[in-house]
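Enquirer: My questions are about this predicted structure, shown below with the sequence.
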Amino acid sequence: MNADLIIYNIGQLVTAKEFSNLKEGESSMENIEIIQNGYLAVSDGEIVGIGQGDVPSKFIKFTTKLIDAEGRVVTPGLIDSHTHLVHGGSRENEFLDKIQGVPYLEILKKGGGILSSVKSTQNATEKELILKAKNTLKVMLGFGVTTVESKSGYGLDRETELKQLYVNKKLNQEQEVEIISTFMGAHALPEEFKDNRERFINSVIELLPEIKEKKLAEFFDVFCEEGVFSIEESRKMLLEAKKHSFKLRLHADEIVNIGGAELAVEVGAYSADHLMAISDNGIQALKNSKTIANLLPGTSFSLNKDYAPARKMIDAGVQVALSTDYNPGSCPTENLQLIMQIAALKLKMRPKEIFKAVTINAAKSLGKEKKIGSLEIGKKADFVIFDAQNIEYILYHFGVNHTKKVFKNGCLVFKK
């Protein structure tokens, strides 16, 4: 088959295709293919050829565009599989309190914290939210991110939750980055429901059929945490969402271990996210499941909290993803490359593990691994050319943007 586009002279082509033959001492998170001196052939937005050395003549026609990668690294488009993309306002006014150690509950009492973001999001128009999110996505795209999971959850009422989800839908029509939408009406308990938790939980459940009918979200998420939603409350909402054909994910064991990881496995969630306080039982549950452990080290960095025990999880055989957790409070960064660098320096993850975590494993956490997450024939031609000769350099040289070019569906969408 002829190709429209060919990238050749690739120093390291990280296909992220999984294989079973591991070298001695490698973890199951290092089983991704890296081709030295590779090429990539694309036609109609899909990958039609991959290999090593010279490009076979069968792919080249008179109109084929040829790009010399000049020995650089090429990877699948990065996937940010946990964000709170759509929100109003920002919270830099709390920053001094935060770094001076003022407790979060005290900030909350002054009208700050998540309640501040909820108020800003409720007051923002749909147009304002779209414009803000587009600017954020442009930054993310510049860091090599071609797919983003985006949650609601800064509404906590019917009107604003739907508004956030409508913004997700419109963003998919108006810019290049693919948006995977998640309904997270159970992000926090509004003040007015503190004496009637069940009424609020039922109001979240009552929204499920409308959201599904209008195709506003693919996933459902709950903040399962001490002082937020209990295991029993989370289970109730998750199982109701499952009845309405939502795929599930779960904020789990972020601050206190209450068995969130085990619940995620029990209900068949695609991911259990955060996991800084995961137990050994939780690790064993994840090990024996298809649920991806989605780690968010930027949040630990921003809040100066403990990091998730990534090395312990990986060594036990758990499959891990990495995400920014982009949000206005605990992790206001769009830089997934920085998250990858923190994962190397603080989580002690190895280079191949990190690239697997932001490509094929991130795709699995979103149920999209058949189309994105690796460079294989028949998959979408979402890929990044990094201005580096090897993947180690991208992690070693931290705090800068290594992206040279980004392609989405075979089209150039970012160039440094």
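Expert: Received the coordinates, thanks.
Enquirer: Please name the bridge partners of residue 178.
Expert: residue 147 (DSSP bridges).
Enquirer: Distance-wise, check it relative to residue 361.
Expert: 17 Å (CB to CB, to the nearest Å). Backbone N, C-alpha and C define where each C-beta goes, glycine included.
Enquirer: Low-confidence bits of the stretch 51-200 of the chain, can you list those?
Expert: Judged by pLDDT under 70, the stretch 51-200 of the chain has its weakly predicted residues at 105.
Enquirer: swap the cut-off to 90 and go again
Expert: Where the stretch 51-200 of the chain drops to pLDDT under 90, the residues are 97-115, 191, 194.
Enquirer: Now do the strands in it.
Expert: Remark: strands assigned in the stretch 51-200 of the chain by DSSP state E, counting those that start in this stretch are 65-68, 73-76, 78-80, 145-151, 178-186.
Enquirer: Buried deepest among these, which one?
Expert: Highest mean neighbour count among the strands of the stretch 51-200 of the chain (mean count of other CB atoms under 10 Å): strand 78-80, with a mean of 30.
Enquirer: Partner strands of that strand, with direction?
Expert: strand 145-151 (parallel).
Enquirer: okay, the partner strand in CSV with CA atoms only?
Expert: The C-alpha trace of strand 145-151 is given here as CSV (Å, rounded to 0.1, in the frame of the first residue of the first chain):
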residue,chain,number,x,y,z
VAL,A,145,-0.4,14.9,24.3
THR,A,146,-2.9,13.8,21.7
THR,A,147,-5.7,12.3,23.9
VAL,A,148,-7.1,13.6,27.2
GLU,A,149,-9.6,12.3,29.6
SER,A,150,-11.7,15.1,31.0
LYS,A,151,-14.0,14.9,34.1
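Enquirer: Between strand 178-186 and it, find me the angle.
Expert: Following axes from the mean of the first three to the mean of the last three CA atoms, to 10 degrees, one obtains 20 degrees for the angle between strand 145-151 and strand 178-186.
Enquirer: before we move on, the earlier item: mind checking the strands of the stretch 51-200 of the chain for the one nearest to residue 111?
Expert: strand 178-186 (21.5 Å; CB to CB).
Enquirer: which helices and strands does that closest one pack with?
Expert: In terms of contacts (3 or more CB pairs under 8 Å, 6 or more residues apart in numbering; DSSP states H and E), strand 178-186 is packed against strand 145-151, helix 158-174, helix 197-213, strand 219-224, helix 231-243.
Enquirer: Now do it: distance to the chain's middle.
Expert: 11 Å (CA atoms, centre = their mean, to the nearest Å).
Enquirer: Also stretch 52-69?
Expert: 33 Å.
Enquirer: what's next to that stretch, contact-wise?
Expert: 1-11, 35-39, 41, 48-49, 385 (CB atoms under 8 Å, 6 or more residues apart in numbering).
Enquirer: Separate out the buried members of those.
Expert: Buried by 16 or more other CB atoms under 10 Å: 3-11, 35, 37-39, 41, 48-49, 385, out of the contacts of stretch 52-69.
Enquirer: Can you pull up the most central residue in the chain?
Expert: When CA atoms, centre = their mean is applied to the chain, the residue found nearest the centroid is residue 81 (1.5 Å).
Enquirer: Three-state assignment for the nearest residue in space to that one that is not next to it in sequence, please.
Expert: Spatial nearest neighbour of residue 81, excluding adjacent residues (CB to CB, 6 or more residues apart in numbering): residue 362 at 4.3 Å. Per DSSP: H, G, I helix; E, B strand; the rest coil, the secondary structure class of residue 362 is helix.
Enquirer: Can you check the pLDDT for residue 362?
Expert: We note a pLDDT of 98 for residue 362 in this prediction.
Enquirer: got the contact list for it?
Expert: 78, 79, 80, 81, 147, 292, 294, 321, 322, 323, 373.
Enquirer: Farthest pair within these?
Expert: 78 and 292 (15.5 Å).
Enquirer: Give me the mean pLDDT for stretch 7-14.
Expert: Stretch 7-14 comes out at a mean pLDDT of 98.
Enquirer: how distant is it from the center of its chain?
Expert: Worked out by CA atoms, centre = their mean, stretch 7-14 lies 25 Å from the chain centre.
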